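1. Would you be able to build a 3D model of this:
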Amino acid sequence: MTAFAGTPLNGALARADRDRALVRYWLYFVVVVLFALVLVGGATRLTESGLSITEWKPIHGIIPPLSEADWLEEFEKYRQIPQYEQLNEGMSLAEFKVIFWWEWAHRLLARGVGFVFALPLAYFWLGGRLERRLKPKLLAILALGALQGAIGWWMVASGLVERTSVSQYRLATHLTLACLIFAATIVVARGLAPHSQGPAALATRRWAGILLALVLVQIYLGGLVAGLDAGLAYNTWPLMDGGLVPGGLLVQSPLIANFFENPKTVQFVHRIGAYVVFLTALWHMIAAMQANAGTTHARRAVILFLLVTGQAAIGVATLVLQVPLGWALLHQAAALVVLGFAAAHWRGTKGAYPRQTEVEIRN
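-> The predicted model follows:
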């Protein structure tokens, strides 16, 4: 920079830094909206509201019922599905409105995050403010967002014909993809942030990546638990159904079905996943402190372990209290915090994206 002080290139580099900061702030705002979206989605699931809107209207669905006749029409559509017939028969219109607003808010946020991402992306791209290396990354996130919308409806459709709730397979897929988009956005934003230190030791970078992947897997397992309402049974800890390893884990055929369709097995595997994440975070913290003593990499590893420990405690409390709405949402929010910090930590161990070169600036 100093070699070009007072030159046009120096001014171009300064503008590139400002553009990088603006893109980073925009992505952090997207992260906030995604966080809210996932939490509202969790509340929608926990209040059994996800099937209240029985049609996929991606454009004009943004407009809610505006008259009594509109409300009665929506309510009549809901009364045709198995959830109403088997679980909610006799529900009043006022009760229907409660679950409708949860699902409508979730869909509104989903549409909103699409605009919050796509419009600024077009502005930065067409204005020449995006670094070349960012374009494929941001396009990939945009594509995942479009796919997520389709998967959301695919999930809802599974509960409209024969089931009284959505498929746990589709729910877990929907949740995990949302969290993948959330983590990917944080990774790109963190790569654009100033880094006070260079990359961490190779082993630290690898374990940070492994821990991030394990957190995503654990969230997928949590989605299966939610889809099967598996958290509403076996509400003791550390024992489960009277033992550290309960019986009846492999009673279904084929064997693999137990890991996706047997509520006891799904909850047990989710517990084991939590122990694996906890021990991996502990190992990573100790190893990072030894290999990167006194650095921000080591300090972040400590914070990540503390976040994982806090999340484990919240998970146990949620289970023992038999999954009250507030605790369940706190558990989901804490999972997002752990995931987001794990993503930022992994990107931080790799160092910032390189600054644009003189050739890139001139091109």
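2. Buried residues, the strand or helix carrying I99. List them.
-> Following DSSP states H and E, one finds I99 within helix 93-126. For helix 93-126, the neighbour count (16 or more other CB atoms under 10 Å) marks 96-97, 99-100, 102-110, 113-114, 116-117, 120-121, 124 as buried. Where you see a C-beta, it was placed from the backbone N, CA and C, and this is true even at glycine.
3. excluding its backbone neighbours, what's nearest Q311?
-> Excluding its sequence neighbours, the residue lying closest to Q311 (CB to CB, 6 or more residues apart in numbering) is A334, at 4.4 Å.
4. P120 now?
-> Nearest residue to P120, sequence neighbours excluded (CB to CB, 6+ apart): W26, at 5.0 Å.
5. Number of residues surrounding that neighbour?
-> Using other CB atoms under 10 Å, W26 has 17 other residues around it.
6. One more: A230?
-> 23.
7. Kindly report the same for S253.
-> For S253, the neighbour count with other CB under 10 Å is 8.
8. tell me which element T164 falls in.
-> Per DSSP H and E: T164 is located in neither a helix nor a strand.
9. Next, count neighbours for the nearest residue to it once chain neighbours are set aside.
-> Residue nearest to T164 in three dimensions, not counting chain neighbours: Q83, with 4.5 Å by CB to CB, 6+ apart. By the criterion of other CB under 10 Å, Q83 has 23 neighbours.
10. Quick check: Q83 touching E162?
-> No: in terms of CB atoms under 8 Å, Q83 does not count as a neighbour of E162; the distance is 10.8 Å.
11. how near is the residue nearest to P120 to Y234?
-> Shown here: W26 relative to Y234, a distance of 44 Å by CB to CB, to the nearest Å.
12. before we move on, back to that, report the distance from the helix holding I99 to the chain centre.
-> On the basis of CA atoms, centre = their mean, to the nearest Å, helix 93-126 sits 16 Å off its chain's mean C-alpha point.
13. Quick check: which helices or strands does it pack against?
-> helix 8-46, helix 68-78, helix 134-157 (3 or more CB pairs under 8 Å, 6 or more residues apart in numbering; DSSP states H and E).
14. Once you drop chain neighbours, what's closest to the spatially most central residue of the chain?
-> For the chain, C179 is the residue whose C-alpha lies nearest the centre (CA atoms, centre = their mean; 2.2 Å). Leaving aside its sequence neighbours, C179 sits nearest to I219 (CB to CB, 6+ apart; 5.1 Å).
15. Now do the contacts for that neighbour.
-> Contact analysis of I219 by CB atoms under 8 Å, 6 or more residues apart in numbering lists 175-176, 179, 335, 339.
16. show me where pLDDT drops low in the stretch 251-363 of the chain?
-> Applying pLDDT under 70 to the stretch 251-363 of the chain flags residues 356-363.
17. Helices of that one, residue ranges please.
-> 258-261, 263-291, 296-320, 325-350, 358-362 (DSSP state H, counting those that start in this stretch).
18. Out of the ones you listed, which gets nearest to A16?
-> Proximity to A16 (CB to CB) singles out helix 358-362 among the helices of the stretch 251-363 of the chain, at 6.2 Å.
19. What residues does the spatially closest residue to E74 that is not a sequence neighbour make contact with?
-> Nearest residue to E74 in three dimensions, chain neighbours excluded: P65, at 5.5 Å (CB to CB, 6+ apart). The contact partners of P65, by CB under 8 Å, 6+ apart, come to 71, 73-74, 100.
20. Now which of the residues you listed would you call buried?
-> Among the contacts of P65, those scoring as buried are 71, 74, 100 (criterion: 16+ other CB under 10 Å).
21. For the second one, give me the pLDDT.
-> As summarised for this prediction, E74 has a pLDDT of 93.
22. Would you mind giving the domain segments of this protein?
-> Residue ranges for each domain of the chain read 1-193, 197-363, as given by automatic domain parsing.
23. sorry, back to before: mean confidence for the helix holding I99?
-> Taken as a whole, helix 93-126 has an average pLDDT of 95.
24. One more: stretch 224-244?
-> If you average the pLDDT over stretch 224-244, you get 93.
25. What's the local residue count around G191?
-> Residues contacting G191 under the criterion other CB under 10 Å number 22.
26. show me the contacts for the residue nearest to it when sequence neighbours are not counted.
-> Distance criterion CB to CB, 6+ apart; nearest residue to G191, sequence neighbours excluded, is Y353 at 4.4 Å. Each residue near Y353 by CB under 8 Å, 6+ apart is listed here: 131, 133-134, 191-192.
27. Then P199?
-> Contacts for P199 (CB under 8 Å, 6+ apart) come out as 205, 349-351.
28. List buried residues within those residues.
-> Counted by 16+ other CB under 10 Å, these give 205, 349-350 as buried.
29. L147: which of those is nearest?
-> K350 (26.2 Å).
30. which residues sit in contact with the closest one?
-> Listed by CB under 8 Å, 6+ apart, the contact set of K350 reads 191, 199-200, 205.
31. Secondary structure added to the residues you listed, as CSV?
-> Shown next, in CSV, are those (DSSP: H, G, I helix; E, B strand; the rest coil):
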residue, secondary structure
G191, helix
P199, coil
A200, coil
R205, helix
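32. The host helix or strand of L180 - contacts with which helices or strands?
-> Using DSSP H and E, L180 sits within helix 168-192. The contact analysis (3+ CB pairs under 8 Å, 6+ apart) places helix 168-192 against helix 8-46, helix 134-157, helix 202-228, helix 258-261, helix 325-350.
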